[in-house]
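Asker: sequence and computational prediction follow.
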Amino acid sequence: MTSTWILVANAAVATVYCNEGPKKGLARVKTLEHAASREKGADLSSDRPGHNQSSGNRHGAFVPAKMPKEVEAERFALEIARVLDHGRTQNAYQRLILVASPHFMGLIKQHLEGHVRQLVSESIEKDYTKLNERELAPHLEHCIYL
């Protein structure tokens, strides 16, 4: 019987569920939390942006390439990608369904290894992180038999 992992995530929390087949339901495998993603952007940076000297007598403010919240979201997406890759190398699943908020889905997919990416059978761009197993099941009926 093939095992299916279902990742339900946003930038602050991710839960991996497993389904072993029809009528088996969802079993929680792992929950990951990233507290830094819940912080305000101002709390994530150490101080104000620096200044630079332009031509002449003008000054400008240095603007970072990425905002601190975006950096933290990318860190969490990378951590999730590593967990999914570890599960793949342990043969814990043969099929993967990704459920994440739209922006965070892009970050996760960006960090997935090629072998993991091949196991993704469905991507749902919704934030269902506040739902429990029973509430989540109806949202997944179109792609998995629960």
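Answerer: Yep, that arrived.
Asker: W5 looks like it's in a strand, true?
Answerer: Yes: checked against DSSP: H, G, I helix; E, B strand; the rest coil, W5 lies within a strand.
Asker: report the contact partners of it.
Answerer: W5 sits next to V16, Y17, C18, V29, L84, G87, A92, Y93, R95, L96, I97 when contact means Cβ atoms under 8 Å, 6 or more residues apart in numbering. Yep, even glycine has a C-beta here, placed from its N, CA and C like the rest.
Asker: which of the three states applies to A11?
Answerer: Under three-state DSSP, A11 falls in the coil class.
Asker: one more: the one 4 residues further on?
Answerer: Three-state assignment for T15 (three-state DSSP): strand.
Asker: burial check on it, number of neighbours?
Answerer: When neighbours are defined as other Cβ atoms under 10 Å, T15 has 22 of them.
Asker: any idea of the pLDDT on it?
Answerer: Looking at T15, its pLDDT is 97.
Asker: the one 10 residues further on too?
Answerer: pLDDT for G25: 89.
Asker: tell me the helix or strand right after the helix ranked longest in the chain.
Answerer: Criterion DSSP state H: the longest helix present in the chain is helix 68-89. Note on helix 68-89: by DSSP states H and E, the next helix or strand toward the C-terminus is strand 95-100.
Asker: can you list the strands that that next one pairs with?
Answerer: strand 4-9 (parallel), strand 120-124 (parallel) (DSSP bridges).
Asker: quick one: the last one to helix 68-89, angle?
Answerer: What separates the directions of strand 120-124 and helix 68-89 is an angle of 150 degrees, with axes from the mean of the first three to the mean of the last three Cα atoms, to 10 degrees.
Asker: may I see the buried residues of strand 120-124?
Answerer: V120, I124 (16 or more other Cβ atoms under 10 Å).
Asker: what stretches of the protein score poorly on pLDDT?
Answerer: 1, 37-66 (pLDDT under 70).
Asker: same thing but at 80, please
Answerer: Low-confidence segments of the chain, defined by pLDDT under 80: 1, 36-66, 68, 145-146.
Asker: related to what we said a few turns ago, which elements pack onto the longest helix of the chain?
Answerer: Under the contact criterion of 3 or more Cβ pairs under 8 Å, 6 or more residues apart in numbering; DSSP states H and E, helix 68-89 touches strand 4-9, strand 13-19, strand 27-33, helix 41-44, helix 102-111, helix 114-119.
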